[in-house]
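Student: this is the structure alone, sequence omitted:
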């Protein structure tokens, strides 16, 4: 279920990017841009603007749906709860005591021979 919603979400994101890039710049942002006509209070809603709103609302709906699905799948579990188990399973067993010392042959001391 989550994968289906995620694919729809990605398709909506691509469509939303495309529809915004296809629209004509009307110059409302920060006083910059295009049209030189008189400033009117409201413009007629074109098909592109309606489609942009539809994609945006659908994108927000899938975002909220993905958040709810992720929260329900992850309820009651934490990554921190799984860390000690993973460390115990993957850590190699270390030898204890004398096994850490280098091997000796007979009764020879561990000092290097002197050069005279």
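Tutor: Sure, I can see it. The structure presented is a predicted model; accordingly, all values stated were derived computationally and were not measured.

Student: tell me the confidence at residue 90?
Tutor: According to the per-residue confidence, residue 90 scores 64 in pLDDT.

Student: what of the one 3 residues further on?
Tutor: What the model reports as pLDDT for residue 93 is 63.

Student: repeat for residue 3
Tutor: For residue 3, the model assigns a pLDDT of 93.

Student: so which strand or helix has residue 9?
Tutor: helix 2-22 (DSSP states H and E).

Student: packing partners of that helix?
Tutor: The contact analysis (3 or more Cβ pairs under 8 Å, 6 or more residues apart in numbering; DSSP states H and E) places helix 2-22 against helix 47-73. Heads up, the C-betas are built off the backbone N, CA and C, glycines and all.

Student: any stretches of this protein with poor pLDDT?
Tutor: Scanning the chain with the threshold set as pLDDT under 70 gives 26-44, 75, 82, 84-114, 116.

Student: sorry, back to before: give me the contacts around the helix holding residue 9.
Tutor: Contact partners of helix 2-22, identified using Cβ atoms under 8 Å, 6 or more residues apart in numbering, comprise 48, 51-52, 55-56, 58-59, 62-63, 65-66, 69-70, 73.
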